[in-house]
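Enquirer: fold the following.
(one chain, ligands or ions: 1)
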Amino acid sequence: MKLNKDVEVIPGSPNTLVYQGRVVVDQGGKNANLALNAEVQLATHGHADHIAGLLDKNAKIKYLPKEDYWSLTLMGRRCMIYGFSSKEDKYFTFDLVKEDLRDEFSETEVKKVKLQGHTPGQVGYILGGVLYAGDSFFGQKVLESFGVPFYSDFWKAMETLESLKEIIKGVEQVVISHGPVYNNRKKMEELLDFNIQFNLKLVQKIKDLITNKERTAEEVTYLVSGSKEVTNLMLNSVTVKSILMGIANEVKVSEKGIVYAYRSP
Ligand SMILES: [Zn+2]
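Expert: Next up, the predicted model:
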């Protein structure tokens, strides 16, 4: 899908952006093996579905934000998405790239904006008037099926969402990785707002669940998750712990494990 004379988006999850046929952002997922003849390969962050392009031997310039260099190894990528690594297992369904990346990254002229929270180092790229905002926010269906957005630091991600309201005013179009592609900036502003409201409701829901009641992060994760599959619960528990630490005013250890509560004054 062409957004303007210079920018094209190849739909997928992630959506892959191509600028002037030579700069590629977030080649991965089902687009991982497309021959795009990129001179420049950029990844917004280190998650396995965004980094296949960084393995492209013909690209002259490759960039991954430094704070996401945990992505160089499979173990690092597992730790940042599931919270730990282990032996091969069917539940590690996000291990889309198994090989190690080589530390061959260099600076790029492409304008970057910090979009931290989803990962420690996520950046967005502005190319030809289009902001590619990675996994800073998500399509409605993605949010509703998971029930919880993936944010290593939920509170940092919320600051990023606020900053995006301003950043978006300075560009013509916005593309995110997992969600529909709109040619219309207004629709993306509405989707950003939907994400903020969704997250505020999630915080309230979690606060209600632990008000004068002790619950483990696992219990809370189960109760707020859409799909209750093992892998989804592993991912959602990362965000839920970040949220719980921000709202519980009592954290202690019981025979169930760490329990969180909000004691209303
Ligand atoms: Zn991601």
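Enquirer: from now on I want contacts and neighbour counts done on CA atoms only, so please keep to that.
Expert: Noted.
Enquirer: got the phi and psi for Leu202?
Expert: According to degrees, to the nearest 10, the main-chain angles of Leu202 amount to phi -60, psi -40.
Enquirer: tell me, how many residues neighbour it?
Expert: For Leu202, the neighbour count with other CA atoms under 10 Å is 18.
Enquirer: going forward, begin numbering at 161 instead of 1
Expert: Sounds good: first residue 161 from here, last item Leu362.
Enquirer: residue contacts, it?
Expert: For Leu362, the contacting residues are Val308, Val384, by CA atoms under 8 Å, 6 or more residues apart in numbering.
Enquirer: same question, the one 5 residues further on
Expert: The neighbours of Lys367, taking CA under 8 Å, 6+ apart as the test, are Ile407, Ala408, Tyr422.
Enquirer: which element is it on?
Expert: Under the criterion of DSSP states H and E, Lys367 resides in helix 345-370.
Enquirer: so what's Val334 bridging to?
Expert: Bridge pairing for Val334 (DSSP bridges) gives the partners Leu291.
Enquirer: between the contacts of Lys367, which sits nearest Ser231?
Expert: For the contacts of Lys367, the minimum distance to Ser231 (CA to CA) is 29.8 Å, reached by Ile407.
Enquirer: my read: that closest one touches Tyr422, true?
Expert: Yes. Under the criterion of CA atoms under 8 Å, Ile407 makes contact with Tyr422 at 7.1 Å.
Enquirer: with neighbour numbers in mind, choose between these two.
Expert: Neighbours were counted for Ile407 and for Tyr422 using other CA under 10 Å; Tyr422 has more, 21 against 16.
Enquirer: and the more buried one, what are its bridge partners?
Expert: The partner list for Tyr422 in beta bridges (DSSP bridges) reads Thr371.
Enquirer: and the pLDDT for it?
Expert: pLDDT, Tyr422: 98.
Enquirer: ok, now which ones touch it?
Expert: By CA under 8 Å, 6+ apart, the residues touching Tyr422 are Lys367, Ile370, Thr371, Asn372, Lys373, Ile407, Ala408, Asn409, Glu410.
Enquirer: now the contacts of Lys367 as JSON lines including distance to Glu326?
Expert: Listed next are the contacts of Lys367 as JSON lines, based on distance: CA to CA, whole Å:
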{"residue": "Ile407", "distance to Glu326": "27"}
{"residue": "Ala408", "distance to Glu326": "31"}
{"residue": "Tyr422", "distance to Glu326": "33"}
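Enquirer: from those residues, which is closest to Ala208?
Expert: The closest of these, once distances to Ala208 are taken by CA to CA, is Ile407, at 30.4 Å.
Enquirer: so how far is Ala421 from the closest one?
Expert: 9 Å (CA to CA, to the nearest Å).
Enquirer: next one: Val308
Expert: 20 Å.
Enquirer: where in the chain is pLDDT low?
Expert: Across the chain, nothing is flagged by pLDDT under 70.
Enquirer: can you pull out the helices in it?
Expert: Counting by DSSP state H, the chain has helices at residues 234-241, 300-306, 314-329, 345-370, 377-384, 390-407.
Enquirer: distance to Thr253 for those - can I get that in a markdown table?
Expert: Compiled in a markdown table, the helices of the chain are given as follows (distance: least, CA to CA, whole Å):
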| stretch | distance to Thr253 |
| --- | --- |
| helix 234-241 | 10 |
| helix 300-306 | 15 |
| helix 314-329 | 23 |
| helix 345-370 | 25 |
| helix 377-384 | 19 |
| helix 390-407 | 7 |
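Enquirer: wait, which of those is closest to Ile336?
Expert: Among the helices of the chain, helix 345-370 sits nearest to Ile336 (CA to CA), with 8.9 Å.
Enquirer: now do the end-to-end distance for stretch 336-352.
Expert: One end of stretch 336-352 sits 10 Å from the other (CA to CA).
Enquirer: could you give me the buried positions within that stretch?
Expert: By neighbour count with 16 or more other CA atoms under 10 Å, stretch 336-352 contains the buried residues Ile336, Ser337, His338, Gly339, Pro340, Val341, Asn343, Arg345, Met348, Glu349, Leu351, Leu352.
Enquirer: which one among these gets closest to Tyr223?
Expert: Nearest to Tyr223, judged by CA to CA, of the buried residues of stretch 336-352 is Ser337 at 17.2 Å.
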